[in-house]
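Participant: Whatever this is, show me its structure:
(one chain, ligands or ions: 1)
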Amino acid sequence: MPLNKKYNISWLTGQFKESEQEARYRESIKLTVRRDTRLALIIVALIFAMFTITDYNLLGDTSGFYALAAMRISVVLACIALAVIIGRVGCLSSRPLLHAIPLWILATGIVVIIPLRPESLLTQITAVVVATMAFYLLIPNVLSIATCASVFLSVGFISAAVIFVDVPITTTMRLTLLLAMANIVGYCALLRLELLQRRQFSLLNDEREQNARLQQEVEHRRALEAQLRMLAEQDALTGLATRSHFIKRAEGLLRSARHDNSAFCILMIDIDHFKRINDSWGHMQGDIVLKQVASTLRCALREVDVIGRFGGEEFIVAMPNIECQQAISVATRLKSCVATIELAEPLDGISLSVTIGIAVKRDETMLDELIQQADEMLYKGKRSGRNRVEATQ
Ligand SMILES: Nc1nc2c(ncn2[C@@H]2O[C@H](COP(=O)(O)OP(=O)(O)OP(=O)(O)O)[C@@H](O)[C@H]2O)c(=O)[nH]1
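Facilitator: Numbers count the residues shown, from 1 in each chain. From the prediction side, this is the model:
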């Protein structure tokens, strides 16, 4: 699809067909238009003022020269005043008719020269052609207004030439043709420029929208990734580490312990007769007990200890820098903490207990061996009557 059609740009005016889109575009070029308008006004004022020298050469110290000079000074002052106002309060690019005031002033100024200096007609023709080009390309404005101002200048100039200089018909026709050509070239050049700028604006907007969508997608994916990571690392019921995440972290602790030749223990903790709670009060109440035991154990451990849910009502702890006797004391404390848990209704009155098996690192013991040893100690404790701590020798 052609870009003009895709972006809804009129091929005749070079503007967006939708007024809102056009307003957005104008807003985006406001600063550039302001800067360019001021610059153009100052340049035009300087050029217009410079012609006073040729006026003096032609007219000398006459009243005609002073009338012309006064007119030139008014135009130059009007241009400078406008440049200052635009610098202070911003330009009127959103109101093209008002924004075109400099064009009307200049066009009128050029046309007024003819009755004041009829003999300079030939020189003025060049000035009108240059001014027409400047109206289209130098002084920023929308195509339709630039065209109106340029046509006003051309028609005004030809009319003044016919009325005040009395040019022959053939010269008038040549002049008309020349100015018509200048207008057509200026119109086509500005139309092309307007189309290109609006296409560029639309492409840039498309790119920005795509980037924003991409950014959203990236953020969404990141959030999903974090959610997945949490699901993989954190047990949904108790908030403790999942079995796989525990193994990963415990491996790291054991590696460091081997490297530093420091102590390391594994504790396997199992709630006693948990099935009875489920059977008597249902799984929902069982879940509440699991959560409470998990948070009690977590709070009773050090920051460096890693605790995970190994499965069902079984928890596992990796403890770095702790010797067997200290581990037994910790396990005994954990047992007491669990025993003091006060359950809410309907479980109030039930006292909980846990059995704990401890395995202590020997020189080259692997993690799975330690877990197995802790498990054996746990079942030794269960067989010996529960609510106990058993450790490898
Ligand atoms: N509510 C709840 N129960 C669970 C969950 N996971 C496992 N269980 C239950 O935990 C119970 C474990 O029972 P057992 O292995 O016989 O152990 P126990 O009753 O604690 O007996 P001992 O360990 O020998 O003292 C079973 O009833 C399982 O259904 C869970 O996520 N929520």
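
Participant: Would you map the helices across the stretch 151-300 of the chain?
Facilitator: Secondary structure of the stretch 151-300 of the chain by DSSP state H, counting those that start in this stretch: the helices cover 169-233, 243-260, 274-281, 283-300.

Participant: Show me how far the shortest one is from its chain's centre.
Facilitator: Average the C-alpha atoms of helix 274-281, do the same for its chain, and the two points are 55 Å apart (C-alpha atoms, centre = their mean, to the nearest Å).

Participant: Contacts made by that helix with the rest, please.
Facilitator: Residues from elsewhere that reach helix 274-281 (C-beta atoms under 8 Å, 6 or more residues apart in numbering): Gln285, Gly286, Val289, Gly312, Glu313, Pro346, Leu347, Ile350. In this view, the C-beta of every residue, glycine as well, is placed from N, C-alpha and C.

Participant: quick one: which two of the residues you listed are the most distant?
Facilitator: Within these, Gly312 and Pro346 form the most distant pair, 21.9 Å apart (C-beta to C-beta).

Participant: what does the stretch 251-393 of the chain have sitting close to the ligand?
Facilitator: For the stretch 251-393 of the chain, the contact set with the ligand under C-beta under 6 Å from any ligand atom comprises 270-275, 278, 283, 286-287, 290, 312-313, 382, 386.

Participant: Pull out the buried members of those residues.
Facilitator: Asp270, Ile271, Asp272, Phe274, Asn278, Gly286, Leu290, Glu313, Lys382 (16 or more other C-beta atoms under 10 Å).

Participant: Output those residues in JSON lines, with pLDDT appended to each entry.
Facilitator: As requested, those are arranged in JSON lines below (pLDDT from 0 to 100):
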{"residue": "Asp270", "pLDDT": "97"}
{"residue": "Ile271", "pLDDT": "97"}
{"residue": "Asp272", "pLDDT": "96"}
{"residue": "Phe274", "pLDDT": "94"}
{"residue": "Asn278", "pLDDT": "92"}
{"residue": "Gly286", "pLDDT": "95"}
{"residue": "Leu290", "pLDDT": "96"}
{"residue": "Glu313", "pLDDT": "93"}
{"residue": "Lys382", "pLDDT": "95"}
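
Participant: Now for Val304: which residues touch it?
Facilitator: Val304 touches Met319, Pro320, Asn321, counting by C-beta under 8 Å, 6+ apart.

Participant: In terms of helices and strands, where is the first one?
Facilitator: In this case it means Met319. Element membership for Met319, per DSSP states H and E: strand 314-320.

Participant: how far is that strand from where the chain is centred?
Facilitator: That offset, for strand 314-320, works out to 45 Å (C-alpha atoms, centre = their mean).

Participant: And the next helix or strand past it?
Facilitator: Downstream of strand 314-320 (by DSSP H and E), the next one is helix 324-339.

Participant: tell me which residues of that following helix are tucked away?
Facilitator: Neighbour counts over helix 324-339 (16+ other C-beta under 10 Å) mark Cys324, Ala327, Ile328, Val330, Ala331, Leu334, Lys335, Cys337, Val338 as buried.

Participant: Outside of it itself, list whatever touches it.
Facilitator: The contact list for helix 324-339 (C-beta under 8 Å, 6+ apart) reads 263, 265, 267, 269, 271, 293, 296-297, 299-301, 319, 322, 351-354, 356, 358, 360, 387, 389, 391-392.

Participant: and this protein, what are its domains?
Facilitator: Here the domain parsing of the chain from automatic domain parsing is 3-211, 243-391.

Participant: ok, of the ones you listed, where does mean pLDDT dip lowest?
Facilitator: Per-stretch mean pLDDT for the domains of the chain is lowest at domain 3-211 (a mean of 88).

Participant: re the thing from before, make TSV from the buried residues of helix 324-339 and add distance to Asp368 to it.
Facilitator: Output for the buried residues of helix 324-339, formatted as TSV (distance: C-beta to C-beta, whole Å):
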residue	distance to Asp368
Cys324	20
Ala327	19
Ile328	22
Val330	22
Ala331	21
Leu334	23
Lys335	25
Cys337	28
Val338	26
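
Participant: My read is that Arg72 contacts Thr52, right?
Facilitator: Yes: Arg72 lies in contact with Thr52 (C-beta atoms under 8 Å); the separation is 5.5 Å.

Participant: about what we covered before: who wins for neighbours among the contacts of Val304?
Facilitator: Met319 (25 neighbours; other C-beta atoms under 10 Å).

Participant: show me what contacts it?
Facilitator: Taking C-beta under 8 Å, 6+ apart as the criterion, Met319 is in contact with Phe264, Cys265, Ile266, Leu267, Leu301, Arg302, Val304, Asp305, Ala327, Val330.

Participant: in the sheet, who's paired with it?
Facilitator: Cys265 (DSSP bridges).

Participant: roughly how far apart are it and Ser329?
Facilitator: 11 Å (C-beta to C-beta, to the nearest Å).

Participant: and if you look at Ala182?
Facilitator: Distance from Ala182 to Ser329, by C-beta to C-beta: 101 Å.

Participant: any idea of the pLDDT on whichever residue of the stretch 101-250 of the chain sits closest to the ligand?
Facilitator: When scored by C-beta to the nearest ligand atom, the stretch 101-250 of the chain has Leu237 as its residue closest to the ligand, at 5.7 Å. If you check Leu237, the pLDDT there is 95.

Participant: my read: it touches Leu290, true?
Facilitator: Yes: using C-beta under 8 Å, Leu237 is in contact with Leu290, at 6.1 Å.

Participant: ok so, going back, tell me which of Arg72 and Thr52 has more neighbours.
Facilitator: Arg72 (21 against 15).

Participant: secondary structure class for the more buried one?
Facilitator: When classified by DSSP: H, G, I helix; E, B strand; the rest coil, Arg72 comes out as helix.

Participant: show me the contacts for it.
Facilitator: Phe48, Ala49, Phe51, Thr52, Asp55, Gly109.

Participant: switch to 7 Å and redo it
Facilitator: The contact partners of Arg72, taken as C-beta atoms under 7 Å, 6 or more residues apart in numbering, are Phe48, Ala49, Phe51, Thr52.

Participant: With Val151 instead?
Facilitator: Asn183 are the contacts of Val151 under C-beta under 7 Å, 6+ apart.
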